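Colleague: Show me the folded form of this:
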Amino acid sequence: MRPLLLLPYYIHWHYGRAISSGFTIFQNFIWFIGHFFSIGILFKTLFQPWEKMVEERQPGLSFSNIASALLINLCIRFAGAVIRLAVIFTGFICMSVITVIGACVFIIWLAFPLFIIAFFGLGIVFLIKAI
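Modeller: Numbering: from 1, shown residues only. Just a heads-up that it's a prediction; the model follows:
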């Protein structure tokens, strides 16, 4: 088959099936980042304690024990929220970086055939001038 007859097939593949496959790959990257950082689960459990602490209970009503348990519980929940927010923020940063890289790759992919045509066109022009 002549190379010029293959050009429409290449253009159909380059701007059709390859872009569709690229979007599927990009979607899988975004899904993986969300799954790896467990963003959905961390949002659901944002204000749960980071670690469950078990306290020994003493008989009778003691306001100091209640205040101590309340204060410790608030501190542990705050620490859990801070750590979860840090992981969620890191996940969103990774998603943003992947999105920017994906957009750059997409733009390069769209422009690549034009660069190849320009490269070979300039090569032919220089070849003709050299002869």
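Colleague: Buried residues in the host helix or strand of Ile30, which are they?
Modeller: In this assignment (DSSP states H and E), Ile30 forms part of helix 18-36. Neighbour counts over helix 18-36 (16 or more other C-beta atoms under 10 Å) mark Phe26, Phe29, Ile33 as buried. The way it works is simple: take the backbone N, C-alpha and C, and place the C-beta from them, glycine included.
Colleague: quick one: the last one and Ile93 touch, right?
Modeller: In this case it means Ile33. No - counting by C-beta atoms under 8 Å, Ile33 does not reach Ile93; the two are 9.7 Å apart.
Colleague: got the end-to-end distance for stretch 28-45?
Modeller: 25 Å (C-alpha to C-alpha, to the nearest Å).
Colleague: Can you give the contact residues for that stretch?
Modeller: With contact meaning C-beta atoms under 8 Å, 6 or more residues apart in numbering, stretch 28-45 is reached by Gly80, Arg84, Val87, Ile88, Thr90, Gly91, Phe92, Cys94, Met95, Ile98, Thr99, Gly102.
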